[in-house]
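Fold the following for me, if possible:
(one chain, ligands or ions: 2)
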Amino acid sequence: MKHFINLKDIPSKDLKKIIIDAKKRKHLRKKLNNLEIDKDAPLKGKLLIQMFEKSSLRTRLSFYLAIKQLGGSALTLRPDELHLSKGGESIEDTAKILSNFGNAFMLRTDSDEKLEEFKKFLSIPIINGLSPSAHPTQILSDIFTVEEIKKRSISKLNITWIGDVNNVLNSLIAASIKFSFKLNIGCPKNYYPNQKIMNYIKNNTNKIFIYNDPKKAVKAADVIFSDKVISLNDKVNKKKKLRDFKNFKISKNLMKLCPKAIFLHCLPRGTEVEENVFKSKQSKVWQQAINRVHVQKSILLYCLGKLR
Ligand code: CP
Ligand code: NVA
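Ligands and ions are numbered 1, 2, ... in the order given. Predicted coordinates:
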């Protein structure tokens, strides 16, 4: 059994194995987005319990399809219906019940500490479905999408992130280290990653570069990533933050500086990308979203010790 909380804590070879497995499984399926069970049904009889303390569309649907296609089933708990959310039951006791009833637990939460607390008391794997500090299932799936579209190892590509320094970027930074790819980050100077992340970068790689000029950051890019300037439950002065990022919009003119680049966005989107880029040929966001099903499947197999 393996947990899946942060990419930085998972060995590179395991992350690469997950991607390889997802490629094989996707290739073997005819219909990618239905509930038909894969022939080997490796998770037959297994129950994934998922809980979202914050909104979700893609993560919710992709985990549901993923466990179903593997032959198992999913149950989504509403936090407001649990005793836990009202202080009526501890994480320890909740975790014990989850472990006795289910086989894996996927949690989207506003608290990194809560993930760690659950991990302490669960005897089944926990998967981080987005937390304040990371969105690991998203980024692993995005690596899959990049390699699928570019038909090359991501280690040979130039990846650029333009936008907020947030959970998704943190996971992209960890991925750059684990998969050894070049990563340019473009964001306003006063939003640069904090010291802890800077130290993590400094101690692990010389392939990450930070610019406060988006034009410099997109130079020679094969992939441009972005995300909302305002994340879920972001406690900031929204108007000010949006103003601070106004020069970091993904515009047609910016994309012209990297004509071979594809555009990716985890979604949902805000105003950080112009409509004509989002709907352009360079944009691969729908393929990116559906691919999450395929990578979630291999993440589940990894967590449950069934990765081939
Ligand atoms: N990208 C992503 O995680 O989408 P949801 O918030 O809709 O799950
Ligand atoms: N950074 C965004 C990602 C949403 C999928 C957020 O945390 O809201």
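
Contact partners for D244?
Residues near D244 by CB atoms under 8 Å, 6 or more residues apart in numbering: 188, 190-191. Bear in mind the C-beta positions are built from the backbone N, C-alpha and C, glycine included.

any idea how far it is from E274?
18 Å (CB to CB, to the nearest Å).

Alongside ligand 2, which residues does the chain contribute?
Where the chain comes near ligand 2, counting by CB under 6 Å from any ligand atom, the residues are 130, 135, 166-168, 227-228, 231-232, 266.

Could you rerun that using 8 Å?
Within the chain, the positions adjacent to ligand 2 are 54, 56, 58-59, 130, 132, 135, 138, 164, 166-168, 227-228, 230-234, 266-268 by CB under 8 Å from any ligand atom.

Show me which of the residues you listed are buried.
For the residues of the chain next to ligand 2, a neighbour count by 16 or more other CB atoms under 10 Å gives the buried set as 54, 56, 58-59, 130, 132, 135, 138, 164, 166-168, 227-228, 230-232, 266.

re earlier: hmm, which of the contacts of D244 are the buried ones?
Buried among the contacts of D244 (16+ other CB under 10 Å): 188, 191.

Can you pick out the ones from the contacts of D244 that are in helices?
Among those, DSSP state H puts none in helices.

Next step: the residues of the chain next to ligand 2 restricted to helices.
Going by DSSP H, the helices hold 58-59, 138, 167-168 from the residues of the chain next to ligand 2.

OK, contacts around the most centrally placed residue in the chain?
Nearest to the mean C-alpha position of the chain, counting by CA atoms, centre = their mean, stands Q138 at 1.7 Å. Q138 is in contact with 59, 130, 168, 171, 266, 292, counting by CB under 8 Å, 6+ apart.

how about those residues in JSON lines, adding pLDDT and distance to ligand 1?
Below are the contacts of Q138 laid out as JSON lines (pLDDT from 0 to 100; distance: CB to the nearest ligand atom, whole Å):
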{"residue": "T59", "pLDDT": "98", "distance to ligand 1": "3"}
{"residue": "L130", "pLDDT": "98", "distance to ligand 1": "6"}
{"residue": "V168", "pLDDT": "98", "distance to ligand 1": "8"}
{"residue": "S171", "pLDDT": "98", "distance to ligand 1": "11"}
{"residue": "C266", "pLDDT": "98", "distance to ligand 1": "4"}
{"residue": "R292", "pLDDT": "98", "distance to ligand 1": "7"}
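
what does the stretch 1-150 of the chain have sitting close to ligand 1?
With the criterion set to CB under 8 Å from any ligand atom, the stretch 1-150 of the chain comes near ligand 1 through 54-62, 108, 129-130, 135, 137-138.

Let me see the contact set for the closest residue to G129 other than its chain neighbours.
Spatial nearest neighbour of G129, excluding adjacent residues (CB to CB, 6 or more residues apart in numbering): R108 at 3.9 Å. By CB under 8 Å, 6+ apart, R108 lies in contact with 51-54, 56, 59, 128-131.

So which residues of the stretch 1-150 of the chain form helices?
Here the stretch 1-150 of the chain has its helices, by DSSP state H, counting those that start in this stretch, at 12-28, 58-69, 91-101, 112-121, 136-150.

would a markdown table of those with distance to V223 be doable?
Converted to a markdown table, the helices of the stretch 1-150 of the chain look like this (distance: least, CB to CB, whole Å):
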| stretch | distance to V223 |
| --- | --- |
| helix 12-28 | 15 |
| helix 58-69 | 19 |
| helix 91-101 | 37 |
| helix 112-121 | 27 |
| helix 136-150 | 5 |
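
Quick one: closest of those helices to Q282.
Set against Q282 and scored by CB to CB, the helices of the stretch 1-150 of the chain come closest in helix 136-150, at 10.6 Å.

what element comes up after the closest one heading to the C-terminus?
strand 158-162 (DSSP states H and E).

Next, the angle helix 136-150 makes with that next one.
Strand 158-162 runs at 130 degrees relative to helix 136-150, counting by axes from the mean of the first three to the mean of the last three CA atoms, to 10 degrees.

Is there any residue in strand 158-162 that contacts ligand 1?
No - against ligand 1, strand 158-162 shows no contacts by CB under 8 Å from any ligand atom, the least distance being 14.9 Å.

helices and strands around that strand, which ones?
Packed against strand 158-162 by the contact rule (3 or more CB pairs under 8 Å, 6 or more residues apart in numbering; DSSP states H and E) you find helix 167-179, strand 182-186, helix 214-217, strand 223-226.
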